[in-house]
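# my questions concern the predicted model and sequence given below.
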Amino acid sequence: MRTLLLFVLSIVAVTLVQPLNNVVGFGSNTGMFTRSVLIFLGQIQGRNTGTTVLVNPGTIVGTFPDTFVSASIGNQHAVFLTQSGLVYGTGYSFNGRLGLNDSAAPIAAYYGTLVPMVDGNKVLVGKKVIAAEASGHSSVLLTDDGKVFTYGWNDNAGLGVSGTSTIHYSPKPINDTNGLLVGKTVKHMSVSNDAVLLVTNDGLVRSFGFNGNYNLGDGTGVNQNIVTALPFTGRVIVQTSIGLMHSLALQDSGTVLSWGFSINPLGRSGSHLVPAPIEDPNNVIGSRKVVYISAGFQHSILLTDDGRAFTFGNGNPYGQMCTGDTTTYTRLQPFAASANSLFFTKAKAGYQTTLMLTNDGRVYACGENALGTTGLNNTATGPTSPTLLATLGGFYSGLATNIHLSVTGTTAGFVIMSDNGATPTPTTIAPGTTSSPGTTATPTTAPTTAPTPTAGTTNAPQTISPTATPKPTTSGSVAVYSSIFCFVLLLVCL
């Protein structure tokens with residue numbers, strides 16, 4: 001009897017303290033700009049969703065060494081970053097975009113599973129990844145020492161190295177031939193469609209990659225396979241955002257600059273080729289200060305220091321501008337009045353959808369919804385005003401901590417929930433103060449060095465050696481009940 005109880009005790013203890021997966025996905029696995037199936041959603045609620053429209057948000061099945069802090073959708077693949085700096089991928093691994101160090105078998109599709117990125121070149125030893133972004137045919141990593149690494153296919157110069165046929169099957173450093181990053185560290189990056197913008201510690205902007213839509217801001221429209229400087233003389237930039245047809249930059253003063261393919265979605269007049277401040281002819285922002293920016297397909301979202309949201313762009317057929325109507329606003333316009341009581345801390349402008357995160361951890365959506373892109377558990381006409389994703393509460397008692405949408409025609413999104421269902425204290429930003437913009441939230445409890453994946457481990461969730469395994473973090477309720485249950489069983493055994 002005692003042996004049986006001890007066996008039960010061991011099983012229950014392991015089960016109760018095992019980390020949970022905290023990624024919620026929704027939308028479609030097909031994209032307008034790809035001919036093959038997008039499989040970034042992985043396996044949702046036990047179903048392989050390679051071609052499924054998932055209107056009801058679901059979690060990716062599986063357990064992992066620690067919780068996820070971000071997710072990013074590229075072209076036929078997605079990457080996920082954990083609290084301790086581990087990078088996972090899912091989707092199509094063709095030409096190295098998952099970083100699996102798998103040049104011998106590069107055409108694999110990972111349906112229903114997340115696979116660990118492999119540091120085959122050992123360039124990440126002693127470093128911790130603090131941001132991971134899926135681009136068009138590549139992926140981009142930012143480490144805690146301010147260095148940038150890429151892997152995947154360089155057909156659009158998205159690796160930041162020479163040669164359009166170049167393929168990196170595991171991370172390598174970008175090419176800084178001109179020395180524009182010497183003595184500097186990268187503090188923030190934005191990535192989309194093989195275009196990359198980097199913000200350095202002194203507020204300068206560097207870029208590389210695809211430039212066919214003039215996203216890089218150098219005015220040439222020519223792809224850049226080495227790091228290039230942007231003309232931001234006298235400006236201190238704290239955040240950038242790349243959409244499909246345009247890009248944005250945020251100054252420390254709150255001024256927002258735009259540039260891109262044409263003047264239509266830029267919120268201003270003048271040349272579209274180089275960065276210039278957007279216009280506010282109706283003074284809708286007033287004395288507020290912009291603290292966060294997001295560029296989508298052809299619309300943009302700005303958040304101010306009092307939690308209000310504003311938009312501008314070219315085209316609003318599905319209400320993705322969240323103004324309560326489908327009118328196009330080429331100059332700054334506030335969100336619908338129903339949103340005035342909400343305090344937004346993050347927003348993601350997608351293809352024709354927008355997601356917003358509030359300071360109390362709730363997620364709202366508006367825009368196109370035919371393929372479940374808003375996560376509202378239906379395929380009805382999408383809302384034109386911010387609408388709560390109430391179904392998220394069915395997965396976790398905790399709150400949302402991060403959101404992501406693709407801007408390249410991929411009609412899907414991810415929400416990162418709080419650690420294992422624990423309910424965090426909302427961060428309240430007082431009016432008149434600024435939040436910290438950017439996508440590179442540095443974990444506060446993770447080890448300084450990320451465990452290095454074992455080379456060749458390409459088709460299963462990552463196995464970490466006992467000495468390198470991050471300590472699992474469980475919710476308060478799970479930890480308490482686990483301890484009580486195990487203690488009682490132990491007393492019975494004794």
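Received the coordinates, thanks.
# is N95 in a helix, a strand, or coil?
Under DSSP: H, G, I helix; E, B strand; the rest coil, N95 falls in the helix class.
# could you report the neighbour count for it?
21 (other C-beta atoms under 10 Å). No exception for glycine: its C-beta is placed from N, CA and C like everyone else's.
# so what pLDDT did A347 get?
Per-residue confidence (pLDDT) for A347: 96.
# which residues touch it?
Y292, S294, I301, L303, A309, T354, L355, M356, L357, I403 (C-beta atoms under 8 Å, 6 or more residues apart in numbering).
# helix or strand for V199, which one?
With the criterion set as DSSP states H and E, the secondary-structure element containing V199 is strand 195-200.
# what of L257?
Element membership for L257, per DSSP H and E: strand 256-260.
# buried stuff in stretch 266-280?
L266, G267, R268, H272, L273, P275, I278, E279, D280 (16 or more other C-beta atoms under 10 Å).
# list the contacts for the fourth one?
It stands for H272. Applying C-beta under 8 Å, 6+ apart, the residues near H272 are Y214, H246, W259, G260, F261, S262, I263, L266.
# which residue packs closest to it, ignoring adjacent ones?
Closest residue to H272 apart from its sequence neighbours, by C-beta to C-beta, 6 or more residues apart in numbering: I263 at 4.4 Å.
# burial count for the one you found?
Considering only other C-beta under 10 Å, I263 is surrounded by 18 other residues.
# give me the buried entries from the contacts of A347.
Looks like those have Y292, S294, I301, L303, A309, T354, L355, M356, L357, I403 buried, using 16+ other C-beta under 10 Å.
# next, the second one: secondary structure please.
S294 carries the three-state label strand when classified by three-state DSSP.
# for it, which residues are in contact?
Here S294 is in contact with S241, L248, S300, I301, L302, A347, K348, A349 (C-beta under 8 Å, 6+ apart).
# return the member of those nearest to P231.
L248 (15.3 Å; C-beta to C-beta).
# for beta bridges, what are the partners of that closest one?
For L248, the beta-bridge partners are S241, S258 (DSSP bridges).
# correct me if wrong: it contacts S300.
Yes. With contact defined as C-beta atoms under 8 Å, L248 counts as touching S300 (6.0 Å).
# what sits in contact with each of those two?
S241, S258, I293, S294.
# the second one: neighbour count?
Other residues near S258 number 27, with proximity taken as other C-beta under 10 Å.
# my read is that it contacts L250, right?
No. If you go by C-beta under 8 Å, S258 and L250 don't touch, sitting 10.6 Å apart.
# am I right that V227 falls within a helix?
No. V227 sits outside any helix when classified using three-state DSSP, being strand.
# burial of it, as a residue count?
20.
# mind checking the SS state of G160?
coil.
# quick check: it touching Y151?
No. If you go by C-beta under 8 Å, G160 and Y151 don't touch, sitting 11.0 Å apart.
# the two: which has the busier surroundings?
It is Y151, of G160 and Y151, that has more neighbours when counted by other C-beta under 10 Å, with 30 against 27.
# tell me the secondary structure at the more buried one.
Three-state assignment for Y151 (three-state DSSP): strand.
# ok, it - contacts?
G96, R97, G99, M117, S138, S139, L159, H168, Y169, S170, P171, K172.
# just curious, which of these is nearest to L230?
The closest of the contacts of Y151 to L230 turns out to be L159 (C-beta to C-beta; 19.3 Å).
# per-residue confidence at that closest one?
So, for L159, pLDDT stands at 95.
# equivalent analysis for H168, please.
On the pLDDT scale, H168 gets 95.
# and P65, by the same measure?
P65 carries a pLDDT value of 74.
# swap in A108?
Residue-level pLDDT assigned to A108 equals 67.
# now render the shared contacts of L248 and S300 as CSV, adding pLDDT and distance to D218.
Shown next, in CSV, are the shared contacts of L248 and S300 (pLDDT from 0 to 100; distance: C-beta to C-beta, whole Å):
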residue, pLDDT, distance to D218
S241, 97, 17
S258, 97, 15
I293, 98, 20
S294, 97, 22
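# let me know the closest of those to G319.
Nearest to G319 out of these is S294 (C-beta to C-beta; 16.5 Å).
# tell me how far the closest one lies from T353.
12 Å (C-beta to C-beta, to the nearest Å).
# count of neighbours near T381?
11.
# oops, could you answer that again for D325 instead?
Neighbours of D325 (other C-beta under 10 Å): 14.
# okay, strands next: where are they in the stretch 151-300 of the chain?
167-173, 186-192, 195-200, 205-209, 224-229, 237-242, 246-251, 256-260, 276-277, 290-295, 299-304 (DSSP state E, counting those that start in this stretch).
# where are the low-confidence patches of the stretch 251-400 of the chain?
379, 391-398 (pLDDT under 70).
# hmm, 90 instead?
For the stretch 251-400 of the chain, the stretches flagged by pLDDT under 90 are 263-264, 315, 351, 361, 368-382, 389-400.
# format the strands of the stretch 151-300 of the chain as CSV; extra columns: distance to G25.
Formatted as CSV, the strands of the stretch 151-300 of the chain follow (distance: least, C-beta to C-beta, whole Å):
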stretch, distance to G25
strand 167-173, 25
strand 186-192, 19
strand 195-200, 24
strand 205-209, 26
strand 224-229, 33
strand 237-242, 22
strand 246-251, 26
strand 256-260, 29
strand 276-277, 36
strand 290-295, 19
strand 299-304, 21
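# what's the closest of those strands to G179?
Once the strands of the stretch 151-300 of the chain are compared by C-beta to C-beta, strand 224-229 is nearest, at 8.8 Å.
# for the closest one, the averaged confidence score.
So the average pLDDT for strand 224-229 ends up being 95.
# returning to that earlier point: out of the contacts of A347, which is nearest to S192?
Using C-beta to C-beta, the contacts of A347 come closest to S192 at S294, 10.8 Å.
# gap between that closest one and V363?
Relative to V363, and taking C-beta to C-beta, S294 is found at 14 Å.
# also V274?
35 Å.
# next: E133.
20 Å.
# gap between the two ends of stretch 71-86?
Using C-alpha to C-alpha, to the nearest Å, one end of stretch 71-86 lies 12 Å from the other.
# what mean pLDDT does it get?
Mean predicted confidence for stretch 71-86 is 88.
# residues contacting P173?
V123, K147, V148, F149.
# most neighbours, which of those residues?
Neighbour max across those (other C-beta under 10 Å) = F149, 25 neighbours.
# could you verify my assumption that it touches V125?
No. At 12.0 Å, F149 and V125 do not qualify as touching, with contact defined as C-beta under 8 Å.
# number of nearby residues for N215?
Using other C-beta under 10 Å, the number of residues around N215 comes to 28.
# could you find the closest non-adjacent residue to it?
The nearest residue in space to N215 (C-beta to C-beta, 6+ apart) is A195, at 4.3 Å.
# list the contacts of that neighbour.
Per C-beta under 8 Å, 6+ apart, neighbours of A195: S135, G158, S207, G209, F210, N211, N213, N215, L216, I242, S247.
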